[in-house]
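K.L.:
Structure for this input, please:
(one chain, ligands or ions: 1)
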Amino acid sequence: MSPKPTYRIAAIPGDGIGVDITSAAIQVLDTLATANGAFAFKYTTFDWSSKAYLERGWYMQPDWEAQLKKHDAIYFGAVGWPDVPDHISLWQMILPIRQRMNQYVNVRPTRILKGTHPPVAQLQQKPADLDWIIVRENSEGEYAGQGGTTHGHTAHATATEVAIFTYVGIERIMRFAFETAKARPRRKLTMVTKSNAQRHGMVLWDKVFYEVAKEYEGVVEYDKMLVDAMTVRMVNRPESMDTIVATNLHADILSDLAAALAGSIGIAPSSNLDPTRSCPSMFEPIHGSAPDIAGKGIANPVGAFWSAAEMVRWLGKGELDAVADQFMQAIENVTGNPETRTKDMGGSAGTKAVTEAVCREIER
Ligand code: GGG
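P.N.:
Predicted structure coming up:
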């Protein structure tokens, strides 16, 4: 008999409600492992946070890459705290992790879970009309970190933010997006750019998209949208889309809109993937650290649980899909009950009550 796999998880709670929802996710993951019996989790918790930065002057140790690479996956809460400029907290932790761990894909599924209240009438009547996977390019574009400032604090202060787009970077994300679309029942892919106004990088996106599309002719139905028109289509014709691929910046914005259309940003998950599996992939809810409600026990842990379910799916390499599906069913049984919804979902339950309810559903 082969020993049961123990997945080594690097847990980075980070800031604000990231701490609240990471401990909730660990409680639920452990319940899932115990109930299933065929696998276990072993966690290393890293105190990489803005609070730690303010005390000691750094987020991550110099050997952080080696430390993370000892793990099978990274579970991340949230980053950002009022006393630290956001560009520092992002560039001291989350963005270097995505870049150096080769997590060039960020998958952001959105659908309307039971019990959520979408703000658009069409979706209130037909929630199934919103069922999207947003594939976010996760390593390039405006997030490449290129640019500079000159003339300091003078009236001539000048700053450049250089968006980097490479053929290799675009081709690999397009291929991932087409494969994702191909595996879904509707087999539809919408590619988003702003290639009318941004005439270099975005035009390269269009070109590579149509090149890769040739390989999927007759297999995946595809179309192209400008990002501004895309926001309108997401609101007015949600049923017309399935898989969406966009740049780092565009997809970051579109996925927040998608989550709001689905009823709450508190439910939305994300998977930062290294499809080559040479580095650990990272799983995090898309919401931020919400300092105003941090530590109050009222944060919605559903986005964190959904992210954890995606982590289980990824770790299982196809072997744990049924377990991940069971986990998702447990989450939806809980969101479907008005007694166990948080405030953003129209309820009054706290993080603890929702967490315990999901654990009970898993144990049933
Ligand atoms: N849990 C996600 C989080 O902390 N997000 C903060 C944020 O602004 N991230 C930027 C990004 O996802 O690109």
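K.L.:
Quick check: what element follows the longest helix belonging to the chain along the chain?
P.N.:
When the chain is parsed with DSSP state H, its longest helix is helix 17-36. Where DSSP states H and E defines the elements, the next helix or strand beyond helix 17-36 is strand 40-45.
K.L.:
What's the first helix or strand after that next one?
P.N.:
Next helix or strand after strand 40-45 toward the C-terminus (DSSP H and E): helix 50-56.
K.L.:
before we move on, the earlier item: which parts of the longest helix of the chain are buried?
P.N.:
Buried residues in helix 17-36, counted by 16 or more other CB atoms under 10 Å: 17-29, 31-33, 36. C-beta coordinates here come from the backbone N, C-alpha and C atoms, glycine included.
K.L.:
and what of stretch 331-342?
P.N.:
Of all the residues in stretch 331-342, those buried under the rule 16+ other CB under 10 Å are I331, E332, N333, V334, T335, N337, T340, R341, T342.
K.L.:
How many residues are close by the residue in the stretch 51-200 of the chain that the ligand sits nearest to?
P.N.:
Closest to the ligand within the stretch 51-200 of the chain is A78: 3.6 Å, counting by CB to the nearest ligand atom. Number of residues near A78 (other CB atoms under 10 Å) recorded here: 31.
K.L.:
Do I have it right that it meets I293?
P.N.:
No - here A78 lies out of contact with I293, judged by CB atoms under 8 Å, at a distance of 11.5 Å.
K.L.:
any residues in contact with both of the two?
P.N.:
Shared contacts of A78 and I293, defined by CB atoms under 8 Å, 6 or more residues apart in numbering, comprise I17.
K.L.:
Is the residue of the stretch 51-200 of the chain closest to the ligand bridged to anything, and to what?
P.N.:
A78 forms beta bridges with G14, as assigned by DSSP bridges.
K.L.:
which residues touch it?
P.N.:
The contact partners of A78, by CB under 8 Å, 6+ apart, come to G14, D15, G16, I17, G18, I21, E284, P285, H287, G288, S289, A290.
K.L.:
try it again with 10 Å
P.N.:
Neighbouring residues of A78 by CB atoms under 10 Å, 6 or more residues apart in numbering: 12-22, 49, 89, 94, 284-291, 294, 299, 303-304.
K.L.:
before we move on, what about P185?
P.N.:
D131, D242.
K.L.:
Helix or strand next in line after whatever helix or strand T190 lives in, which one?
P.N.:
Using DSSP H and E, T190 falls within strand 188-193. The C-terminal neighbour of strand 188-193 among helices and strands, as given by DSSP H and E, is helix 201-213.
K.L.:
what comes into contact with that following helix?
P.N.:
So helix 201-213 is contacted by 137, 140-142, 162-175, 177-178, 189, 191-196, 198, 219-220, 222-224, 226-227, 245-247, 250 (CB under 10 Å, 6+ apart).
K.L.:
can you rerun that using 8 Å?
P.N.:
For helix 201-213, contacts defined as CB under 8 Å, 6+ apart pick out 141, 163-165, 167, 170-171, 174-175, 178, 191, 193-195, 220, 222, 224, 245, 247.
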